[in-house]
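In: pasting the sequence and the predicted coordinates here, then a few questions.
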Amino acid sequence: MMNDWDVIVVGAGPAGIKAGEELAKRRLKTLVIDRKQEIGAPKRCGEGLSDRWVTVSGLKPDPTWARQYINGAILISPKGKKIVIDSEKMGRTGYIIERKMFEKFLAANAIRAGAKFLLKTNVEDLVMEDGFVKGVVANNMGDTLELRSKVVVAADGVDSRIGRMAGLNTLLPLAEMDSGFQYEMAGVDLLDPHKMELYFGKSVAPRGYVWVFPKGEDVANVGVGISGTDEKTAREYLDRWLENNKRFENASIIEVNAGGIPVTKPVDEFVGNGILLTGDAARMVNPIHGGGMGTALEAGGMLADVIKEAIEENNVSKEKLKKFQDIWMEKHGKEFANVLKVRHFFEKLNDEQLEAIADIVVKGKISPDVFVELSHGQGLGKIAKGIIKSSPSIAKLIFEFIKR
Amino acid sequence: MVAVVNRDKCMYCGACTSVCPKLALELLETRIKVYADKCIDCGLCVKACPVGAIRLEERK
């Protein structure tokens, strides 16, 4: 095992694998390591990926991982009103993927580009010299390895330990995390096998929603995300929802998943001397729907350019690497800040108010497309205008909120 | 008190490790390792856990 690398990437999820590929393509000697014995499993994910991100990542949907074509969503209000979003006409289609196959597919691409992988390898410490991260000390199946590099990329997920070891504040406040729980189920009676179902309401999922993401004609990821501060567990909410839902009478579980979902802003600092955070570790996650695969994949190319330049100039200081954060924030910072605002507005609404909003959409006062806009941090104004006659109090809330 | 993980319930998803202010919990391949000396029994991990696998127990 060679132990001198240009870059060591810790964490072989979408962010780390894609970073590995992009770094290797730039002729940097790159090692990707992961604590697990298998890439892609266990998943902590609803597995939705939009076409836009597939394209941005330079990929084509491949049948080995693109399980089910998705052309829209059905939102279900607390009282059961259904709002159907046809995203095909908006050019926003996507797939429910098989994470395990997807990540192995990505890893094969990275390896073709020249990256090396090492699994079942847990980082125990960072190699620190003169205030710079210079590699990692890792346990590889019982053997301690000192792996040295010019730069370490921490792609170790929402529970990023590497970032914190390097002194970056990646601690996630409990109130800014959703607690997630999911079953992959077969024998599911889907409303539409090509549409994602999202159920809202305080009793269904306080501060979050229940999702049903089709992976086939009768297979789906059925999950819930709730506020981390809730007294009850995510599992309790999901089990109760399934018990009360006759459509799932004949469904049964083929996989159980759990995880914390960051629903907040990106971390304040993505970078330190010789280290850089990406993906969930930097919280590149849309704080409304919790999706983070797309931005994680896209970040690979961005960080590889910055690292390539830094290594060529023999300057991997925090100041130099900060260019990555600047590029990322320039592209997504404003949008994600708006998305977070929209999220905070909806968190304040009770079920009755949610119902009133669903009502004006069902009655055709505003297009269901507004919910797609909301997930991009836009559209609150449209809702205010549509609802001003039927529920002036909600319109007032929105106007006051926008002004702030 | 100290955080104790029920290994039968644990999904080793890492939700607890993300919110632990003291790095007292570490996600390993199929378990959560608790560093009892670092635990300050704040209980954040107990709430974060999606399946209720963590409890605070008296230190032995």
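Out: It's in. Quantities reported herein were computed from a predicted structural model and do not represent experimental measurements. Residues are numbered from 1 along each chain as shown, chains lettered A, B, ... in the order given.
In: do a quick rundown of the strands in chain B.
Out: Taking DSSP state E, the strands of chain B run over residues B:2-5, B:25-28, B:31-34, B:54-57.
In: now the stretch 51-200 of chain A
Out: In the stretch 51-200 of chain A, the strands defined using DSSP state E, counting those that start in this stretch lie at A:66-70, A:72-76, A:82-86, A:94-97, A:116-118, A:121-129, A:132-140, A:143-154, A:177-186, A:195-199.
In: just to revisit the earlier point, out of the strands of chain B, which is closest to chain A?
Out: Closest approach to chain A among the strands of chain B is made by strand B:25-28 (5.7 Å; C-beta to the nearest C-beta). (Each C-beta comes from the backbone N, C-alpha and C, glycine too.)
In: enumerate the residues of the stretch 1-150 of chain A near chain B.
Out: A:Arg35, A:Lys36, A:Gln37, A:Pro42, A:Arg44, A:Lys120, A:Asn122 (C-beta under 8 Å from any C-beta of the partner chain).
In: now for the first one, how many residues are close by?
Out: So the one you mean is A:Arg35. 21 (other C-beta atoms under 10 Å in any protein chain shown).
In: in the sheet, who's paired with the nearest residue to it once chain neighbours are set aside?
Out: In space, and not counting its chain neighbours, A:Arg35 is closest to A:Asn122: 4.4 Å by C-beta to C-beta, 6 or more residues apart in numbering or on different chains. Under DSSP bridges, the beta-bridge partners of A:Asn122 are A:Asn139.
In: and the strand or helix carrying A:Ile398, what does it pack against?
Out: Element membership for A:Ile398 (DSSP states H and E) is helix A:392-403. Contacts defined by 3 or more C-beta pairs under 8 Å, 6 or more residues apart in numbering or on different chains; DSSP states H and E place helix A:392-403 against helix A:318-348, helix A:351-362, helix A:380-387.
In: looking at those helices, which is closest to chain B?
Out: Nearest of those (C-beta to the nearest C-beta): helix A:318-348, 17.2 Å.
In: report the buried residues of that closest one.
Out: In terms of neighbour count (16 or more other C-beta atoms under 10 Å in any protein chain shown), helix A:318-348 has its buried residues at A:318, A:320-325, A:327-328, A:332, A:336, A:338-343, A:345-346.
In: spell out which residues of chain B are next to chain A.
Out: B:11-21, B:23, B:26-29, B:44, B:47-52.
In: try 6 Å
Out: When proximity is defined as C-beta under 6 Å from any C-beta of the partner chain, chain B approaches chain A at B:11, B:13-15, B:17-19, B:21, B:27, B:29, B:44, B:48, B:50-52.
In: isn't A:Pro78 up against A:Gly201?
Out: Yes - at 3.3 Å, A:Pro78 counts as touching A:Gly201 under the criterion of C-beta atoms under 6 Å.
In: so what sits against both of those two?
Out: A:Asp351 (C-beta atoms under 6 Å, 6 or more residues apart in numbering or on different chains).
In: quick check: which element contains the residue nearest to A:Gly379 when sequence neighbours are not counted?
Out: In space, and not counting its chain neighbours, A:Gly379 is closest to A:Glu373: 3.3 Å by C-beta to C-beta, 6+ apart. Taking DSSP H and E as the definition, A:Glu373 sits inside helix A:370-374.
In: ok, and what's touching that helix?
Out: Contacts of helix A:370-374 (C-beta under 6 Å, 6+ apart): A:Val342, A:Gly379, A:Lys382.
In: chain center to that helix: distance?
Out: Remark: helix A:370-374 is offset 18 Å from the chain centroid, using C-alpha atoms, centre = their mean, to the nearest Å.
In: any idea of the mean pLDDT in it?
Out: Helix A:370-374 shows a mean pLDDT of 94.
In: for the host helix or strand of A:Ala296, what is the distance to the chain centroid?
Out: Of the helices and strands defined by DSSP H and E, A:Ala296 is found in helix A:293-312. Relative to the mean C-alpha coordinate of its chain, helix A:293-312 is positioned 18 Å out (C-alpha atoms, centre = their mean).
In: show me what counts as buried in it.
Out: A:293-308, A:310-311.
In: quick one: buried residues of stretch A:226-244?
Out: A:226-230, A:233-238, A:241-242.
In: neighbours of the residue nearest to A:Gly216 when sequence neighbours are not counted, how many?
Out: Excluding its sequence neighbours, the residue lying closest to A:Gly216 (C-beta to C-beta, 6+ apart) is A:Gln68, at 6.0 Å. When neighbours are counted by other C-beta under 10 Å, A:Gln68 registers 22.
In: please apply the same query to A:Lys29.
Out: So A:Lys29, with other C-beta under 10 Å, has 17 neighbours.
In: ok, A:Met141 next?
Out: 10.
In: need phi/psi at it.
Out: A:Met141 adopts backbone torsions of phi 50, psi 50, taken as degrees, to the nearest 10.
In: once you drop chain neighbours, what's closest to it?
Out: A:Lys120 (5.2 Å).
In: check A:Leu75 too.
Out: Nearest one to A:Leu75, counting by C-beta to C-beta, 6+ apart, is A:Ile83 at 4.3 Å.
In: pretty sure the residue nearest to A:Arg35 sits against A:Val137.
Out: No - the pair A:Asn122 / A:Val137 is not scored as a contact, 10.0 Å apart, by C-beta under 6 Å.
In: who does B:Glu26 bridge with?
Out: B:Lys33.
In: skipping adjacent residues, who's closest to the closest residue to chain B within the stretch 201-350 of chain A in space?
Out: With C-beta to the nearest C-beta as the measure, A:Gly260 is the residue of the stretch 201-350 of chain A nearest to chain B, at 3.3 Å. Among residues not flanking A:Gly260 along the chain, B:Ala15 sits closest, at 3.3 Å (C-beta to C-beta, 6+ apart).
In: who's in contact with the one you found?
Out: Listed by C-beta under 6 Å, 6+ apart, the contact set of B:Ala15 reads A:Ser179, A:Gly259, A:Gly260, B:Ala48, B:Pro50.
In: noted, bye for now.
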